[in-house]
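1. coordinates only, sequence not included:
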DNA sequence: TAACTTTGGTTACCAAAAGTAAGTAAAAAA
DNA sequence: TTTTTTACTTACTTTTGGTAACCAAAGTTA
């Protein structure tokens, strides 16, 4: 008999791993976090210029999600034309070292991985 | 004048960050890697029993991707009914410490993040 | 006075990725 | 002969992501 209790990953809502993967596992969050770390406080369009391949829509969606999770702080200056600045919160900063671990692994292994992929395709 | 050279993330194909995020940032890869680390060698259905919320299709797709990247080794025993075993490769094992960094951060911050999300919703 | 610029978005529409449920192969057991 | 077992695949639906056009509101230009 297989009860839910035998599956330690059954409660997807409360599984921290799935929770974090669902959030930073999207297409853009990690890139935005890394850019904000490197460049400091940035306006919407400045982020967009740094990550040209993201659409305005996805940048807006990504920033809103990061803000909702308290990883990024959004500051609106009531001007016309509008001015909105984004910066990492402490919580966002505390995540970054772990991302850097991943990034360094990725940098060190990317070439071998790309080779593996090509070999796998032909077979 | 904005040339491609001003955007250090413009070559999405060759950006290691995007590369690794695209691969382990999918919904299931990290979970599968963690299960294989914890349980050792497992058959297809054994993984499926451990991660009940994944569909057979997505488990198959995920394993194939991990195999293509050389993170997981697939061994087929020519029997009927079939027997296929999956285990981490060295490359896969070398990635896991970095994932654990993320996991521990996720465990430590999940509650605060969930609170932030609820607060963000109402405002 | 009308049109254009600037910024930080939103909206409608389309494509790609992921989820669901059912089907498949092949042999051994009932 | 039907059922069982295992590791998938296939057809279909839903969710996510991408593209391009549009918007507000004040200042600048003509």
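-> Now that the structure is in, tell me what you want to look at. None of the values given here were measured: they were computed from a predicted structure.
2. If we go by neighbour counts, what in the helix or strand encompassing residue A:18 is buried?
-> Secondary-structure element containing residue A:18, defined by DSSP states H and E: helix A:16-24. Taking 16 or more other CB atoms under 10 Å in any protein chain shown as the neighbour-count basis, helix A:16-24 is seen to contain the buried residues A:16-21, A:23-24. Where C-beta positions appear, they are placed from N, C-alpha and C, glycine not excepted.
3. what packs against the next helix or strand after it?
-> Reading on from helix A:16-24 to the C-terminus, the next helix or strand found by DSSP H and E is helix A:29-39. In terms of contact count using 3 or more CB pairs under 8 Å, 6 or more residues apart in numbering or on different chains; DSSP states H and E, helix A:29-39 is assigned the packing partners helix A:16-24, helix A:44-50, helix A:56-68, strand A:72-77, strand A:83-88, helix A:90-122, helix B:16-24.
4. how about JSON lines for the ones you listed, with distance to residue B:101 added?
-> Below are the helices and strands packed on helix A:29-39 laid out as JSON lines (distance: least, CB to CB, whole Å):
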{"stretch": "helix A:16-24", "distance to residue B:101": "11"}
{"stretch": "helix A:44-50", "distance to residue B:101": "25"}
{"stretch": "helix A:56-68", "distance to residue B:101": "19"}
{"stretch": "strand A:72-77", "distance to residue B:101": "20"}
{"stretch": "strand A:83-88", "distance to residue B:101": "18"}
{"stretch": "helix A:90-122", "distance to residue B:101": "4"}
{"stretch": "helix B:16-24", "distance to residue B:101": "13"}
